[in-house]
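Student: model this:
(chains A and B)
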Amino acid sequence: MDWGKIVRQGLIGGVALSFIVAVGLFEAFANRMVIDPILTSGWVLVLWVPVVFGYRATRQVVPDGATVRAARPADIAAGAVTGAIAGAVLGLLVVITSAKPDVRDTLLALSPSLVQRLSFGHSVGYGFGVLTLGGAILGAIGGGIDLVPQVVRRVVSTVVVTILGFAFGELVVGDILRSLGLRSVDQFFYAQSRGLKPLGAVILAVVFVALRFLLKGKFKAIRERIPLGTGETEENRATRRNWFLVLGIIALAAGAWAPNLFGLYLNEVLSNVGLFILLGLGLNIVVGFAGLLDLGYVAFFAVGAYTMAIFTSPASPAFDAPPQWAFFQALPLVLIAAALAGLFIGTPVIRMRGDYLAIVTLGFGEIIRIAFLSDWLKPLFGGAQGVLQAGFFPGEQRGGIIVQWGLVLATIGIITLIVGLLRLNATRLITAGKMSDIRAYSQPVTIGLLVAGAALTIFGLVSPGFAVWKIYGIEPPSMFRITLVFVALAAFVSWRLRDSRVGRAWMAIREDEQIAQQMGINIVTTKLLAFVMGAMLASLGGALFAVKLGSIYPHSFEIMQSIIILVVVIVGGMGSIKGVMIGALVLIGVLGGPTQPGLLREFGEYKLLVYGVLLIWMMLKRPEGLWPEARRAKELHQEEMLQDAWLNVEPASEGVSG
Amino acid sequence: MLELRNVEVVYSDVILVLRGVSLQVPDGRIVALLGPNGAGKTTTLRAISGLLDVHNGEVTKGEILLDGTPIHTLAPQKVVTLGLSQVLEGRRILGELTVEENLRLGAHTARKELEENLARVYDLFPVLEERARSTAGYLSGGQQQMLAIGRALMSNPRYLLLDEPSLGLAPIMVQQIRDIIVEINRQGTGVLLVEQNAHMALSIADHGYVMETGKVVMDKPAAELAQDEDVREFYLGLHGDEVASFANVKHYRRKKRWLS
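Tutor: A predicted model of the protein is given here:
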């Protein structure tokens, strides 16, 4: 046994445990039940530590080509010792706290009730013993994990994931069950205090374990039919395109219908996620595509929100007679204002590079916020009071967005017309022999597109208000729907931009500025374009934010927002559109945004701590992000492969431990 | 005709790198620019293509003329549209992108002729067409050099400025690159070839310049240059009729020093 490693891991585990307890995470979660009387989520936050460190203490680093050392029963002992050390460190903390109550002066969370809880209502010595023993047992589980057959491991992991998922998602599950009219089911599984009932937990665990084994391999079989990244033949790409089309349509249909089911809380969370996806996609253009690190991105969000608020609010400070426009009337102005702001901020900073650019944009972000806050611009933006009643409908005490379906149809009609005309032109060019790209442009489809487009346009323009959809900002379900529409739009724009000439130019600038110049790319205008595009997407988010909240204050646009958006992009995978979505879902959806609650509301003020831990872990283990673009992942892992390559040359020796 | 007249380049306002370089690249010819490390060959190319800005350098005297109009004040992207395309030293392809994306990037200024230029490049380098969809970073060194040249050709240049295309390549690849340069030139593109491999450069060039410490010290038709005693000794490694012995070279060098 490697004693040095065991002691080291044990102490680190102990410090981690003590940290979780000492910052108050344990107490904050103490009243949230997982399984009603048995397990609180505070314990869940603590229990994993000895398991993980017990595992780490016995884990071997296996370089490519070396043989794996078989797991030994001694690993269990090693894990147990590690866990015991970790538990003992926590026990020591309890002992010290009860002996010297002064520690509370610096560490507020170390309260008598905590000592009480951690010594299980008995004396401190008893608590120390139980913690050490518990640590040892959990550590032994961690250390012996490789000895357990895979089936058992699968079952256990499924049980854990199921119970935690249902316990932490209780609010969401409850809402969904209630909107399905299954209140009794909800009451069967969940206790009054919103934890799972023990019986419910057992049933859920059994069902999901059964499902897992029944469905084993089914998903994989489906996934294998989608050729992802395997051989870039034309056929593969066509299949993949079709699959994504089908999945996209399903997602759209689900997105349109599902909000009815979700209940208020989940819809609220999801529309926040959508907002951050919008912002993330915008920042992704600037940081991910063009490689310009912008730390003042929230400025554009603010510009969008303020412009929207000023032109729609009946209490607008900027006008004596507020224009009180509708959302979509003000939207073009919002986009123009954001583009101008992008130019305004971009022009002076664009010649900076790397760190300098980051610092300067950070400054500009603050300048914009302070400008909104200032007394100087108070007649325009209302200073610290901000703008109230943003997006309020005339004569109503609440506001939001009015969608006139006629105009929507007209827009669709115009797009259809343009597509039809383009096809007509392409057909003409092909028949004239001026274009070699021959796809089957059938005449009937073209004519159909033209006719349908013209009909829709005319109908829409004649009766724009034949159907009106009033979206109230305070109604999460409809807000989520409209956010989804905007996200789809932003994703489409990002996707098309990425594969366009401009997108390639951005990529070239990101990779090698000199080469970009040498290719004849005007780097100043191209970078500015990235700034402006990013700003416009952010302003869309801002506009939604304004009508959603109904009031805008400068403090909504703190620097923290910029950082969080950047973290979303980094965690998701820089330059990857899917990645940004996943990043926002994980960070904003689960943990919550800077001011918005996520599914795990209890994290509250500890959110930033978790963000930090997650970010550090990502940078160490998965620097390319959760769902990166294929090419970037390849690049980042290529080095690792090259580093391990020399090992392949040597004959595989026995396992390297340590 | 591309012409440099008494060009002087200063980096960071203090470092004088080119001291009055004059040279000419006639239409449709290959001109070789030889010289030891640090002579200012790359700086000359940068001055022509406008890339001095990035390195904090500027043309302080003299002028660079393309068909009589000065171009040394123009931004690099403007120079490209005028028909000058440079292949930077060390290939510098964008490793993350596919081969075809790299080529399309090169066509940034000439998107109307993209299809024809792509066909032309694939014709010159069939191997690039085979690997059009694979990641450029995984190509071999020689293929990457081909890609770099192909990418420069995508802007439909009148003059191609090549900076050490043989750098770090196996002799057989050098041969291949050499043949390609000849072929590109035959199709009507003028070439300014900066090389350390004087043997390769002089074998295809029409005219040659030798630079040393920021000045052009020799300026002769390539054939004459190849026969020149000093060039033969210092650049081609030939000494008279016999192969130079290192001992002799050292001896000769030592005699030229002031103190000894």
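Student: Which residue ranges of the stretch 101-250 of chain A form helices?
Tutor: For the stretch 101-250 of chain A, the helices defined by DSSP state H, counting those that start in this stretch occupy A:112-118, A:124-143, A:150-168, A:170-179, A:183-189, A:198-214, A:218-225, A:234-257.
Student: Serialize the ones you listed to TSV and add fields for distance to residue B:202.
Tutor: In this view, the C-beta of every residue, glycine as well, is placed from N, C-alpha and C. Converted to TSV, those look like this (distance: least, C-beta to C-beta, whole Å):
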stretch	distance to residue B:202
helix A:112-118	84
helix A:124-143	70
helix A:150-168	68
helix A:170-179	76
helix A:183-189	86
helix A:198-214	72
helix A:218-225	58
helix A:234-257	46
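Student: Where among the ones you listed is average confidence lowest?
Tutor: Mean pLDDT is lowest for helix A:218-225 among those, at a mean of 73.
Student: rewinding a little: between the helices of the stretch 101-250 of chain A, which gets nearest to residue A:476?
Tutor: Closest to residue A:476 of the helices of the stretch 101-250 of chain A is helix A:170-179 (C-beta to C-beta; 10.6 Å).
Student: Give the buried residues for that closest one.
Tutor: By 16 or more other C-beta atoms under 10 Å in any protein chain shown, the buried positions in helix A:170-179 come out as A:170-177.
Student: ditto for stretch A:148-157
Tutor: Neighbour-count burial for stretch A:148-157 flags residue A:155 (criterion: 16+ other C-beta under 10 Å).
Student: just how off-centre is that stretch within its chain?
Tutor: In terms of C-alpha atoms, centre = their mean, to the nearest Å, the centre of stretch A:148-157 is found 30 Å from the chain centre.
Student: same check, this time on stretch A:447-462
Tutor: That offset, for stretch A:447-462, works out to 39 Å (C-alpha atoms, centre = their mean).
Student: Then stretch A:235-250?
Tutor: Averaging C-alpha positions (C-alpha atoms, centre = their mean) puts stretch A:235-250 24 Å from its chain's average.
Student: swap in stretch A:449-464?
Tutor: 39 Å.
Student: Any buried residues in it, and which?
Tutor: Buried-residue list, stretch A:449-464, by 16+ other C-beta under 10 Å: A:449-450, A:453, A:456-457, A:460, A:464.
Student: Out of those residues, the closest to chain B would be?
Tutor: The nearest member of those to chain B, counting by C-beta to the nearest C-beta, is residue A:449 at 26.4 Å.
Student: Measure how buried residue 219 is and give me the count.
Tutor: Looking at chain A here, since you left the chain open. Residues near residue A:219, counting by other C-beta atoms under 10 Å in any protein chain shown, number 9.
Student: let's do chain B instead
Tutor: So residue B:219, with other C-beta under 10 Å, has 14 neighbours.
Student: what's it in contact with, if anything?
Tutor: With contact set as C-beta atoms under 8 Å, 6 or more residues apart in numbering or on different chains, residue B:219 has these partners: B:23, B:207-210.
Student: Could you pull out the buried residues of stretch A:180-199?
Tutor: Neighbour-count burial for stretch A:180-199, with 16+ other C-beta under 10 Å as criterion, is recorded at A:186, A:189-191, A:195-197.
Student: got the CA coordinates for it in PDB?
Tutor: The C-alpha trace of stretch A:180-199 is given here as PDB (Å, rounded to 0.1, in the frame of the first residue of the first chain):
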ATOM      1  CA  LEU A 180     -51.300  16.300 -15.700                       C
ATOM      2  CA  GLY A 181     -53.900  16.000 -13.000                       C
ATOM      3  CA  LEU A 182     -52.000  13.400 -11.100                       C
ATOM      4  CA  ARG A 183     -51.900  15.000  -7.700                       C
ATOM      5  CA  SER A 184     -52.400  11.700  -5.900                       C
ATOM      6  CA  VAL A 185     -49.300  10.300  -7.600                       C
ATOM      7  CA  ASP A 186     -47.400  13.300  -6.400                       C
ATOM      8  CA  GLN A 187     -48.600  12.700  -2.900                       C
ATOM      9  CA  PHE A 188     -47.700   9.000  -3.100                       C
ATOM     10  CA  PHE A 189     -44.100   9.700  -3.900                       C
ATOM     11  CA  TYR A 190     -43.400  12.900  -2.100                       C
ATOM     12  CA  ALA A 191     -43.700  13.600   1.600                       C
ATOM     13  CA  GLN A 192     -45.300  16.800   2.900                       C
ATOM     14  CA  SER A 193     -41.800  18.400   3.400                       C
ATOM     15  CA  ARG A 194     -41.000  17.700  -0.200                       C
ATOM     16  CA  GLY A 195     -38.600  14.800   0.200                       C
ATOM     17  CA  LEU A 196     -39.200  11.400  -1.400                       C
ATOM     18  CA  LYS A 197     -41.100   9.000   0.800                       C
ATOM     19  CA  PRO A 198     -39.000   5.900   1.600                       C
ATOM     20  CA  LEU A 199     -41.400   3.600  -0.200                       C
END
